[in-house]
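Student: what's the 3D shape of this:
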Amino acid sequence: GNLNSTTARLLDENGTIAKQWNMSGSNAYAMALKDNGNLVRSVVNNGNQLNGAAVAGKVQEVDPSNNVVWEFVYSTSTYVTHHDLCLMPNGNVLLIAWYNPGNAALQALGYTGNQNKYPTRIIEVQQNGTGGQVVWEWNMLDHFIQDVDPNKPNYVVISDHPERMDINVPVSSLGGPGGGGDWFHVNGIDYNPDLDQIAF
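Tutor: Take a look at the predicted model:
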């Protein structure tokens, strides 16, 4: 399906349309086909308070007859999903989100800037009837370190911790909420079941 379109097409190996879905609500950036023939897609949620490139705010599962099986909205003034999604072997869906903790929370972690930033959050959503629920989340905010303020709990020698991220790393101006607020501009996500690891 095209971004902001309400249709999705499944093509066969010859490029012929094998199936078309006609849905309400605009496609966001990603969709995936389940083994049962249902389509899981990111949807542009009406009323998103945070906006940016490939913003979504909602995930839906749609059956071959265009009926919504379940949907889940993840959109407030502090977070919204965007870009990719990933189907997991357990049937759950991984989603990428921007998270706005507020400048005070960032400064409490040693951030020296004054522009709001939107660290990445990853959520795992499980179907719950006709809705969904977050059953796991990972926050980039929990992995920031800094070498500016020794009175902060995340004060370390940056080079000693390649597994962590410097909260004061320079940022380019990308397409997330607030322009340069999109620190890492995560576009894609995948899951490796052999290693039980998420790549983004």
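
Student: Sticking with residue 58, tell me its helix or strand.
Tutor: strand 57-62 (DSSP states H and E).

Student: So what touches that strand?
Tutor: Here strand 57-62 makes contact (CB atoms under 8 Å, 6 or more residues apart in numbering) with 21, 23, 25, 28, 34, 38-45, 48, 68-75, 80-81, 85, 93, 95, 125, 127, 132. For glycine as for every other residue, the C-beta is placed from the backbone atoms N, C-alpha and C.

Student: Okay, now the unreliable bits of the chain?
Tutor: 1-3, 171-180 (pLDDT under 70).

Student: What segments of it are helices?
Tutor: Applying DSSP state H to the chain gives helices spanning 103-107.

Student: The residue nearest in space to the middle of it bridge partners, please.
Tutor: Among the residues of the chain, the one closest to the centroid is residue 96, at 1.3 Å (CA atoms, centre = their mean). For residue 96, the beta-bridge partners are residue 82, residue 122 (DSSP bridges).

Student: From residue 62, how far off is it?
Tutor: Per CB to CB, to the nearest Å, residue 96 is found 20 Å from residue 62.

Student: before we move on, the earlier item: each with direction, which strands does the strand holding residue 58 pair with?
Tutor: strand 39-44 (antiparallel), strand 68-73 (antiparallel).

Student: Most tightly packed of these?
Tutor: Greatest average neighbour count among the strands paired with strand 57-62 goes to strand 39-44 (a mean of 23), per mean count of other CB atoms under 10 Å.

Student: pull the CA atoms of it into CSV?
Tutor: Presented in CSV, the C-alpha positions along strand 39-44 are these (Å, rounded to 0.1, in the frame of the first residue of the first chain):
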residue,chain,number,x,y,z
LEU,A,39,-2.9,-7.8,6.9
VAL,A,40,-1.2,-6.0,9.8
ARG,A,41,-0.6,-2.3,9.0
SER,A,42,0.4,1.0,10.6
VAL,A,43,-2.3,3.6,10.2
VAL,A,44,-2.3,7.4,10.4
